[in-house]
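Student: sharing a model prediction with you, sequence too.
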Amino acid sequence: MHVIAVSNRKGGTGKTTVCVNLASELAARGHRVLLIDLDSQGHCAVGLGIAASAEWSTIHHVLATGGNLDDAIRPTPQQNLWLAAADPQFEHGRLGGDAQALRRAMLSAMLGNRFDFVFIDTPPSLDSLLINGLTAADRLLIPFVPHPLSFHGIRQLAKLLFSVISRDNASLKILGFLPVMAAEHVRQHRAMSVQVAREFGAARMLPPIRMDIRLAEAFGAGVPIRAYAPACRSNEDFQSLAGDVVGRLECPAVT
């Protein structure tokens, strides 16, 4: 099982869009995928067309109470894809300083016997939820908009990453940096991607997700891009990204 946290300290960098569409593409290829939404905005459910019920347990309830993670895991309309949804009313300070709550919940639920991939959509705020996501993961995927503020968020995350690795999770490694809403013809976009590659290593750059209004339309329709507009360029990009991720992790083929 591969546990991938998707994070950037800057909001609006496409973390949830990446989580929903990359998880959906891998699920469509036959991998069993769980998406954990730590961001209390709760947008993973929106992107998958799921109307949360007040009777459902959420991942935030599990972390705050020490409850059973299985109670929060629900199937989605996408085959092979499950979701542990967020609580939009959750107050981030309720979790305290426990950095291991999510890891304990995942170990207790024995997710490794049931899933090939777990994606963790993290909030941009520096709090226990973000630390929990990084502590529970073995890989970190960092989406960024080619913009100076997003690059600043990458640097902030890099500083936090060093602290988490040294204190809470020595096995955490960077899977890659992912340009989103990328436009090669825009000079600043090219320059920012080059700067990220120069500072963190060209080998860590993932194939970009190009700017495409259909991604926003798909989110509004509550379906992944592969179902909404399979012939569009952003769906091609997520297919390429999924293949790259599988290759980097040396995942076995699904039969």
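Tutor: Arrived safely. No experiment lies behind these values; they were computed from the predicted model shown.
Student: would you double-check that residue 35 falls in a helix?
Tutor: No. Counting by DSSP: H, G, I helix; E, B strand; the rest coil, residue 35 is not found in a helix; it is strand.
Student: that one is in contact with residue 81, isn't it?
Tutor: Yes. Using CB atoms under 8 Å, residue 35 is in contact with residue 81, at 6.8 Å. Yep, even glycine has a C-beta here, placed from its N, CA and C like the rest.
Student: and the two? Which one has more around it.
Tutor: More crowded of residue 35 and residue 81, by other CB atoms under 10 Å: residue 35, with 29 against 24.
Student: which residues touch that one?
Tutor: Residues in contact with residue 35 (CB atoms under 8 Å, 6 or more residues apart in numbering) are 19-20, 23, 44, 48, 76, 81-84, 118-119, 121.
Student: run through the helices of the stretch 1-150 of the chain in chain order.
Tutor: For the stretch 1-150 of the chain, the helices defined by DSSP state H, counting those that start in this stretch cover 15-28, 43-47, 59-65, 101-108, 128-136, 148-167.
Student: chain center to stretch 72-89: distance?
Tutor: Remark: stretch 72-89 is offset 13 Å from the chain centroid, using CA atoms, centre = their mean, to the nearest Å.
Student: now do the end-to-end distance for it.
Tutor: 16 Å (CA to CA, to the nearest Å).
Student: report the buried residues of stretch 199-208.
Tutor: Of all the residues in stretch 199-208, those buried under the rule 16 or more other CB atoms under 10 Å are 200, 204-208.
Student: over to stretch 159-169?
Tutor: 160-161, 164-165, 168-169.
Student: contacts for it?
Tutor: 9, 99-100, 126, 130-131, 134-137, 140, 172, 174.
Student: between the two ends of stretch 91-102, how far is it?
Tutor: 16 Å.
Student: next, the angle helix 148-167 makes with the lowest-mean-pLDDT helix or strand in the chain.
Tutor: Counting by mean pLDDT, DSSP states H and E, the chain has its least confident helix or strand at helix 187-200, which shows a mean of 72. Taking axes from the mean of the first three to the mean of the last three CA atoms, to 10 degrees, one finds helix 187-200 and helix 148-167 inclined to each other by 20 degrees.
Student: quick one: strands adjacent to the helix or strand following helix 187-200?
Tutor: Following helix 187-200 in sequence order, the next helix or strand is strand 209-210 (DSSP states H and E). As defined by DSSP bridges, the strand partners of strand 209-210 come to strand 173-182 (parallel).
Student: give the buried residues for the partner strand.
Tutor: 175-182.
Student: who touches that strand?
Tutor: By CB under 8 Å, 6+ apart, strand 173-182 touches 4, 13-14, 17-18, 138-146, 154, 161, 189, 192-193, 196-197, 200, 204-206, 208-211, 241, 244-245, 248-249.
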